[in-house]
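Trainee: Okay, here's the prediction I keep looking at, along with the sequence it came from:
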2 protein chains.
Amino acid sequence: MIKTFTYDELLELPSRYRGRLLNKASGLKPANLIGTQSKAGTVNLAVFNSVVHIGANPPYLGFILRPTTVERHTYENIKETGVYTINQITTAIHQQAHQTSAKYDRNISEFEAVGLKEYYHHDFGAPFVAESLIKIGLCFEEEHYIKCNNTRLVIGKVEHLILPEAAIAEDGDVMLEQLDPVAIGGLDSYYSVELLGRYAYAKP
Amino acid sequence: MIKTFTYDELLELPSRYRGRLLNKASGLKPANLIGTQSKAGTVNLAVFNSVVHIGANPPYLGFILRPTTVERHTYENIKETGVYTINQITTAIHQQAHQTSAKYDRNISEFEAVGLKEYYHHDFGAPFVAESLIKIGLCFEEEHYIKCNNTRLVIGKVEHLILPEAAIAEDGDVMLEQLDPVAIGGLDSYYSVELLGRYAYAKP
């Protein structure tokens, strides 16, 4: 049996039911931890499933930030310091990663609270996750205020990329399947992956 | 051995090497086909790995569109008709989905070229993919021009959501693992997934 919902029918659903349904409907999502530090020096770590590739030349990544009407430590820290890190979630740390979504006070380090290690690279001013096999350091580039629901697209320039040399193929491909990666479904489901295939540049 | 790249080192890499490296670095991505139709009636279908959840109340999804300096049939059709569909890629159709990335002329239907079936729902003016188990019909809502590299964030409102009733849990969760889903790595790698766990709303 196929179930169909119109826009009006979606709006009539209970809020959490609708949230679960729509968060899963767009498919699997990238699994990352964003690390930041306040001006006062408190570190913050938060799970994000909305990191999106903006471009490779020059290298930019974006992510979607929910409305800032409630406290958003990640956003406040990025605005204060201009820098942040995007760290890959592996199957080994996916439960700790999920726990960072709890509402800790701003003076609490989620690294300590969930048991992940901070890692610092040269003088870059935001904490990386030591356990993450892919670590990216970014500086804030631009943001877009999304009018329809008060969210934001935050874009950063890649200042540092750190990953295991053995996972980089000769042509620059990263063999993700060797790096214990995780995909997220909705807000609460985590998936391991298996390579189906890598295909040539398609031609008509 | 850990390999590190600074921004300057990334810029010095050969263009395709850098593209492969950075497209994989942000992790697994959602796998969707976007279906559109021109005013003249030609249908178009294109693989996208950049669909991002914008909000559930009301329901919005976004995707990133590369620079419009080359032909972008998906974008042109959305601007002409105001509607489009986002269709889940399954393992069963992932190779056909990849083939839609070939540069077909605008008067060619990628549905026909790769062997996927069009599906129409009520009077909605864009083609869905019959083989996709999750089908979403959207109308254009807003777009943001990303200054740093001439890409665009295109946002649409969900007008129709179509999926198998048996995959919807009582609480609204969609059991993606029952729907043969695929995640994309970079521009050319496709992954099947296995559920690791679904976790409760995290509390400190």
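Mentor: That came through fine. Every value quoted in this text rests on a predicted model; they were computed, and no experiment measured them.

Trainee: Residue A:110: what's it in contact with?
Mentor: A:43, A:44, A:45, A:46, A:99, A:100, A:104, A:116 (CB atoms under 8 Å, 6 or more residues apart in numbering or on different chains). Placement of C-beta: from N, CA and C, glycine included.

Trainee: If you could redo that for residue A:95, that was the one I meant.
Mentor: B:197, B:199.

Trainee: Low-confidence bits of chain A, can you list those?
Mentor: A:68-71 (pLDDT under 70).

Trainee: Mind naming the longest strand for chain A?
Mentor: The longest strand of chain A (DSSP state E) is strand A:151-164.

Trainee: C-terminal to that one, what's the next element?
Mentor: As assigned by DSSP states H and E, the chain's next helix or strand after strand A:151-164 is strand A:182-185.

Trainee: Could you tell me which helix of chain A is the longest one?
Mentor: Longest helix in chain A, counting residues (DSSP state H): helix A:15-25.

Trainee: Who are the packing partners of that helix?
Mentor: helix A:7-12, strand B:52-56, strand B:151-164 (3 or more CB pairs under 8 Å, 6 or more residues apart in numbering or on different chains; DSSP states H and E).

Trainee: In contact with the closest residue to residue A:189 other than its chain neighbours, which residues?
Mentor: Excluding the flanking residues, the one nearest residue A:189 by CB to CB, 6 or more residues apart in numbering or on different chains is residue B:198, at 4.4 Å. Contact analysis of residue B:198 by CB under 8 Å, 6+ apart lists A:188, A:189, A:190, B:173.

Trainee: on that earlier part again, the contacts of residue A:110 also near chain B: which ones?
Mentor: A:99, A:100, A:104 (CB under 8 Å from any CB of the partner chain).

Trainee: which of the residues you listed has the most neighbours?
Mentor: residue A:100 (23 neighbours; other CB atoms under 10 Å in any protein chain shown).

Trainee: pretty sure that residue is touching residue A:45, no?
Mentor: Yes. The criterion here is CB atoms under 8 Å, and residue A:100 meets it with residue A:45 at 5.1 Å.

Trainee: which residues do those two both contact?
Mentor: The contact lists of residue A:100 and residue A:45 share A:33, A:110, A:114, where a contact means CB under 8 Å, 6+ apart.

Trainee: dump the residue contacts of the closest residue to residue A:99 other than its chain neighbours.
Mentor: Distance criterion CB to CB, 6+ apart; nearest residue to residue A:99, sequence neighbours excluded, is residue A:114 at 4.4 Å. By CB under 8 Å, 6+ apart, the contact list for residue A:114 reads A:45, A:96, A:97, A:99, A:100.

Trainee: can you tell me the distance between the two ends of stretch A:106-116?
Mentor: One end of stretch A:106-116 sits 17 Å from the other (CA to CA, to the nearest Å).

Trainee: err, stretch A:109-125, not the other one
Mentor: Using CA to CA, one end of stretch A:109-125 lies 16 Å from the other.

Trainee: Any buried residues in that stretch, and which?
Mentor: A:109, A:110, A:111, A:114, A:116, A:118, A:119, A:124 (16 or more other CB atoms under 10 Å in any protein chain shown).

Trainee: what's the answer for stretch A:13-31, then?
Mentor: Quick answer for stretch A:13-31 (16+ other CB under 10 Å): A:13, A:17-31.

Trainee: if we can go back for a sec, the longest strand of chain A and chain B in contact?
Mentor: Yes. Applying CB under 8 Å from any CB, one finds strand A:151-164 in contact with chain B at A:151, A:153, A:155, A:157, A:158, A:159, A:160, A:161, A:162, A:163, A:164.

Trainee: need the contact list for the fifth one.
Mentor: It stands for residue A:158. Contacts of residue A:158 (CB under 8 Å, 6+ apart): A:58, A:59, A:60, A:61, A:136, A:137, A:138, B:7, B:10, B:22, B:25.

Trainee: at 10 Å what do you get?
Mentor: With contact taken as CB atoms under 10 Å, 6 or more residues apart in numbering or on different chains, residue A:158 is in contact with A:54-56, A:58-61, A:86, A:136-139, A:141, B:5-7, B:10, B:22, B:25-26.

Trainee: So which of the contacts of residue A:114 are in strands?
Mentor: Short answer: the contacts of residue A:114 in strands (DSSP E) are residue A:45.

Trainee: nearest to chain B, of the contacts of residue A:114?
Mentor: residue A:99 (5.1 Å; CB to the nearest CB).

Trainee: How much space separates that closest one from residue B:202?
Mentor: Per CB to CB, to the nearest Å, residue A:99 is found 5 Å from residue B:202.

Trainee: where do the contact lists of those two overlap?
Mentor: Jointly contacting residue A:99 and residue B:202 under the rule CB under 10 Å, 6+ apart are A:47, A:114.

Trainee: From residue A:102, how far out is residue A:96?
Mentor: 11 Å.

Trainee: Let me know the secondary structure of the residue lying closest to residue A:177 once chain neighbours are set aside.
Mentor: Sequence neighbours aside, residue A:195 is the residue nearest to residue A:177 in space, at 4.5 Å (criterion: CB to CB, 6+ apart). Secondary structure assignment for residue A:195 (DSSP: H, G, I helix; E, B strand; the rest coil): strand.
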